[in-house]
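K.L.:
For reference, the sequence and a predicted model appear below.
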Amino acid sequence: MKKRYFLHAGAAMLGTVWLSRYLSGRSEVMATANNEFEISKTEEEWRKILTPEQFSVLRKHGTERAHTSSLDKQYAKGAYVCAACDLPLFTSETKFNSGTGWPSFFNSIEGAIATTVDKSFFMTRVEVHCHRCGGHLGHVFNDGPAPTGKRYCMNGVAMKFIEG
């Protein structure tokens, strides 16, 4: 009986360790590199300048509900900037309607974003964050249109639109 108990306990511990990689909700690189950004603030400083929804997405890696962002159907000429630090991220020329309910782009402004591996929710995805402040923007997928084949699926609340 003790041998069976030992095997069950060992399997449970091994399973817990393995699953913790996928349930963390944060990317591995972001967890260690958070202080390496040009703009670095404490959690309290971010809370003072961001709305609760922006803080949830940008600083806690949350996701807004699909079809809730006004930026999803925004097609005027202009730029999409980080809601936390105003860094230009995407232009209207690269925006397209992906039908997903989130603003989507096939390319970013050069040097504006960085990516990390996100192993949350039992899957591996590529997380996109602001190069300047590290704010979580969304994820990039390989099912977008030409010429890049990329779909940068962004949270609208993580960005502001500047017409022009």
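P.N.:
Yes, it's here.

K.L.:
Only C-alpha atoms from now on, for both contacts and neighbour counts.
P.N.:
OK.

K.L.:
Low-confidence regions, the chain specifically.
P.N.:
When the per-residue scores of the chain are filtered using pLDDT under 70, the ranges that remain are 1-35.

K.L.:
how much space between the residue nearest to Phe55 when sequence neighbours are not counted and Gly62?
P.N.:
When the adjacent residues along the chain are set aside, Phe55 lies closest to Arg47, with 6.3 Å between them (C-alpha to C-alpha, 6 or more residues apart in numbering). When distances are taken as C-alpha to C-alpha, to the nearest Å, Arg47 and Gly62 turn out to be 14 Å apart.

K.L.:
the more surrounded of the two?
P.N.:
More crowded of Arg47 and Gly62, by other C-alpha atoms under 10 Å: Gly62, with 18 against 15.

K.L.:
Neighbours of the nearest residue to the more buried one once chain neighbours are set aside, how many?
P.N.:
Sequence neighbours aside, Ser56 is the residue nearest to Gly62 in space, at 5.2 Å (criterion: C-alpha to C-alpha, 6+ apart). The local packing of Ser56 (other C-alpha under 10 Å) involves 18 other residues.

K.L.:
How about Glu38?
P.N.:
Glu38 is surrounded by 10 other residues when neighbours are defined as other C-alpha under 10 Å.

K.L.:
Now the residue lying closest to it once chain neighbours are set aside, what are its backbone angles?
P.N.:
Spatial nearest neighbour of Glu38, chain neighbours left out: Arg132 (5.2 Å); criterion: C-alpha to C-alpha, 6+ apart. Taking degrees, to the nearest 10, you get phi -80, psi -50 for the backbone angles of Arg132.

K.L.:
In three-state terms, label the most centrally placed residue in the chain for me.
P.N.:
Taking C-alpha atoms, centre = their mean as the criterion, Gly138 is the residue nearest the geometric centre of the chain, at 2.9 Å. Applying DSSP: H, G, I helix; E, B strand; the rest coil to Gly138 yields a three-state assignment of strand.
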